[in-house]
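[1] I would like to see how this sequence folds:
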Amino acid sequence: MPEPPALPALLRIAAKRCVIVGGGSVARRRAATLLEAGAHVTVIAPDIDPQLTDPPLTLIRREYQTGDLDSAALVVIATNNPTVNDTVHRDARGAHGSTTLVNRADDPALGDITIPAHARTGPITIAVDTAATSPAAAATIRDQLLAHLDPDWPRLLETIAPYRAQIRNQPLPPQQRKQKLAALTSPDALAAIKSPDPHAITHYCRSLVDPPTTA
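    Now for the predicted structure:
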């Protein structure tokens, strides 16, 4: 099957510098993930996958050098050379500790973060992690969950977004606001989005947003 779409910003790294050391298929997938999260991504490797192209990526076609991680919020270690991987990891940690996060493809348990098997459909992200027990199993479970996802959920979530914002801004008692927000994704809302009447979901959402009229 084709590679899954990139994971959105579950980790908030928008506008932050991220460095990928390695230029193969893992680097390609991680780069897609980080770019969609809004990161500034630099890839460093002597040989770089041809699908990794220039802007918005910064490509450095050479071996890793100490200092390449300066100001990086995240480093992805994705070479097939354990010695290089260990060197990059030590540099990320620094002599006195570091705030740079590490994602290590060859041994995820050594890193700070892992990238789960994931798929995205509209605003929905399905992510599965098996604590590094089996990436293959994680991908299989992801596909099973995706196959059973009601196809109208993404459309419903996209449709209700502006109404959700309006309800959150209304001066309502907390419990009433909570009930109205929950109603936007209730079985009634899902039934409205499935209705052959194209205006059904709009009428339903408006009934939650607009104050009741009095005779």
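[2] buried stuff in the least confident helix or strand in the chain by mean pLDDT?
    Counting by mean pLDDT, DSSP states H and E, the chain has its least confident helix or strand at strand 117-121, which shows a mean of 84. Of all the residues in strand 117-121, those buried under the rule 16 or more other CB atoms under 10 Å are Ala117, His118, Ala119, Arg120. Where you see a C-beta, it was placed from the backbone N, CA and C, and this is true even at glycine.
[3] those into TSV, with extra columns for distance to Arg164?
    Rendered in TSV, the data for these read as follows (distance: CB to CB, whole Å):
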residue	distance to Arg164
Ala117	29
His118	24
Ala119	24
Arg120	20
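[4] who are the packing partners of the least confident helix or strand of the chain?
    Packing contacts for strand 117-121, counted by 3 or more CB pairs under 8 Å, 6 or more residues apart in numbering; DSSP states H and E, involve strand 124-128, helix 135-147.
[5] which parts of this structure belong to which domain?
    The chain is divided into the following domains under automatic domain parsing: 17-115, 153-209.
[6] show me what secondary structure element comes after the lengthiest helix in the chain.
    Among the elements of the chain assigned as helix by DSSP state H, the one spanning the most residues is helix 153-169. Read in the C-terminal direction, the helix or strand following helix 153-169 is helix 174-183, with elements assigned using DSSP states H and E.
[7] what sits up against that following helix?
    Residues lying outside helix 174-183 but in contact with it, judged by CB atoms under 8 Å, 6 or more residues apart in numbering, are Arg164, Ile167, Arg168, Gln170, Leu172, Ala189, Leu208, Val209.
[8] change it to 7 Å
    Contacts of helix 174-183 with the rest of the structure, by CB atoms under 7 Å, 6 or more residues apart in numbering, involve Arg164, Ile167, Ala189, Leu208.
[9] give me the nearest residue to Thr58, chain neighbours excluded.
    By the measure of CB to CB, 6 or more residues apart in numbering, the closest residue to Thr58 outside its immediate chain neighbours is Thr42, 4.3 Å from it.
[10] tell me the SS of that neighbour?
    With DSSP: H, G, I helix; E, B strand; the rest coil as the basis, Thr42 sits in strand.
[11] just for the chain, where's the confidence low?
    Scanning the chain for pLDDT under 70 picks out the ranges 1-10, 95-97, 212-215.
[12] repeat the analysis, applying 80 as the threshold.
    1-11, 54, 95-99, 131-132, 135, 211-215 (pLDDT under 80).
[13] just give the nearest non-adjacent residue to Arg206, would you?
    The nearest residue in space to Arg206 (CB to CB, 6+ apart) is Tyr163, at 7.7 Å.
[14] next one: Glu63
    Among residues not flanking Glu63 along the chain, Pro46 sits closest, at 5.7 Å (CB to CB, 6+ apart).
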